[in-house]
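In: turn this into a model:
(one chain, ligands or ions: 1)
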Amino acid sequence: MIKVEHLSKQFGELTVLREVNAEIKKGEVISIIGPSGTGKSTFLRCLNLLEMPSGGRIFIDGTDILDKSADVPKLRQKMGMVFQSFNLFAHLTALENLTIGPVKLLGRSKEQAGKKAMELLKMVGLAEKAGSFPDELSGGQKQRVAIARCLAMEPEIILFDEPTSALDPTMVSEVLAVIRRLAKEGMTMAVVTHEMDFARDVSNRVFYMDEGIIYEEGPPQQIFENPQKEKTRVFINRVRSLTYHIRNQNYDLYAINGEIEHFCEKHVLPKTTRNKALLLVEELLAIFSAGQVTRQFEIDLTLSYSEKRDSLELVAESAGDYFNPFEENTLPDQLGTTIIKNLSENMEYQRVSDRNRFSMTVKKQ
Ligand SMILES: Nc1ncnc2c1ncn2[C@@H]1O[C@H](COP(=O)(O)OP(=O)(O)OP(=O)(O)O)[C@@H](O)[C@H]1O
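Out: You can find the predicted model right below:
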């Protein structure tokens, strides 16, 4: 349905897309992932000519849309786009946002368009908000209206440009649920996303973008479990883990907790696991704090989620002299270490060059 050959895009001196070759077939769901600034959004915007490519060819159902004779408005109608920032018309109600396009561009009657719009609002769970203006809706509701508005134009493919990036974490799942439903119904979609769980569950294929090209593509199992190329591997490992460097005793526990909570939410971990991880980190830091008053205070915490084992692992590394609080009689008070032992399993201590290294798995039950 879409074929891209040798696509390039420069902004002045900056080459964002160097040589992108890709194919999206009918019914496929493609997730586009990769580090920030690698041209994922630019690629999507080039597909429907919101950005004019600098070179290459884009075929939609066999027609080159960069050819001068191409009927661009008609080809564009085949592609709906959902933006990070919703882009709803602020002065129109949710219902009117859905009907304006079909009436003005598809020649539908107001009644026809209104009936279809109500069906779509119902589909995204917002029939009761038909008369509300965008300002009266939450971020998640606005994005669901934006998806319904896109569907009202009867597109053959929907391009999603980071549809959940502007949302509160609590609203991400309601929007992803709608996209999941569309995927089940066979809608062709390309989604630029930072939601790795979503990309893994929903896509048929994943494009990992880096260096101005689609650096690696493959089924989600390959990209997430067994990436073939080094940069893909590094990226996947990085998004799977959270590292926190603590360099003095006045560390900000609230900020650390906030990041741990966000990390656990991103990986959809149960609340009990999250709470255990929070308490484990707090107790570990307290013990290190107590044990290292006279030494340089330096700790690196790494929290990693392993999908294969479905387990959350914590590694704490501290610089300095040998210090193992889990040996008997090291600390005057064993309360902290007892709590840690109760919250974790597979605890291991290693002395690695001049560092103390503790690794453990957060207990599930
Ligand atoms: N209209 C523009 N004019 C100039 N530079 C631009 C323009 N749009 C994008 N860029 C630059 O192109 C590069 C790629 O941007 P793009 O938004 O496509 O990346 P991305 O991979 O989607 O990043 P992110 O994941 O952070 O959204 C960035 O360096 C960006 O600053």
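In: can you give the domain ranges for the protein?
Out: Domains of the chain are assigned by the TED database as 2-236, 238-362.
In: mean pLDDT lowest for which of those domains?
Out: For these, mean pLDDT drops lowest on domain 238-362, to a mean of 84.
In: for the stretch 151-300 of the chain, which segments count as strands?
Out: Using DSSP state E, counting those that start in this stretch, the strands of the stretch 151-300 of the chain run over residues 157-161, 188-192, 205-210, 213-218, 241-246, 299-306.
In: tabulate the ones you listed (CSV), appending distance to Leu105.
Out: (Glycine included, C-beta is placed from N, CA and C.) Below are these laid out as CSV (distance: least, C-beta to C-beta, whole Å):
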stretch, distance to Leu105
strand 157-161, 16
strand 188-192, 20
strand 205-210, 30
strand 213-218, 32
strand 241-246, 46
strand 299-306, 45
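In: return the most buried member of the domains of the chain.
Out: domain 2-236 (a mean of 18; mean count of other C-beta atoms under 10 Å).
In: how close does Val362 get to the ligand?
Out: Distance of Val362 to the ligand, computed by C-beta to the nearest ligand atom, to the nearest Å: 30 Å.
In: do Pro325 as well
Out: 41 Å.
In: isn't there a helix covering that residue?
Out: No. Under DSSP: H, G, I helix; E, B strand; the rest coil, Pro325 falls outside any helix and is assigned coil.
In: shouldn't it be in contact with Thr337?
Out: Yes. In this structure Pro325 lies within contact range of Thr337 using C-beta atoms under 8 Å: 5.7 Å.
In: between these two, what contacts are shared?
Out: Common contact partners of Pro325 and Thr337 (C-beta atoms under 8 Å, 6 or more residues apart in numbering): Ile287, Leu331.
In: you'd agree Met209 is up against Gly34?
Out: Yes. Shown here, Met209 and Gly34 form a contact pair, counting by C-beta under 8 Å, at 3.8 Å.
In: hey, what's in contact with both of those two?
Out: Common neighbours of Met209 and Gly34 (C-beta under 8 Å, 6+ apart) are Lys40, Tyr215.
In: how close does Ala22 get to Asn346?
Out: Ala22 sits 42 Å away from Asn346, going by C-beta to C-beta, to the nearest Å.
In: next one: Glu154
Out: Distance of Glu154 to Asn346, given as C-beta to C-beta: 54 Å.
In: helices of the stretch 251-365 of the chain, start to end?
Out: Along the stretch 251-365 of the chain, counting by DSSP state H, counting those that start in this stretch, helices occupy 253-266, 271-291, 335-343.
In: same for the first one, what does it pack against?
Out: Translated: helix 253-266. Applying 3 or more C-beta pairs under 8 Å, 6 or more residues apart in numbering; DSSP states H and E, we find helix 253-266 packed against strand 241-246, helix 271-291, strand 299-306.
In: residues in contact with the shortest one?
Out: By that I understand strand 241-246. Strand 241-246 is contacted by residues 256, 259-260, 263, 285, 297-305 when judged by C-beta under 8 Å, 6+ apart.
In: farthest pair within these?
Out: Within the contacts of strand 241-246, Phe297 and Tyr305 form the most distant pair, 27.1 Å apart (C-beta to C-beta).
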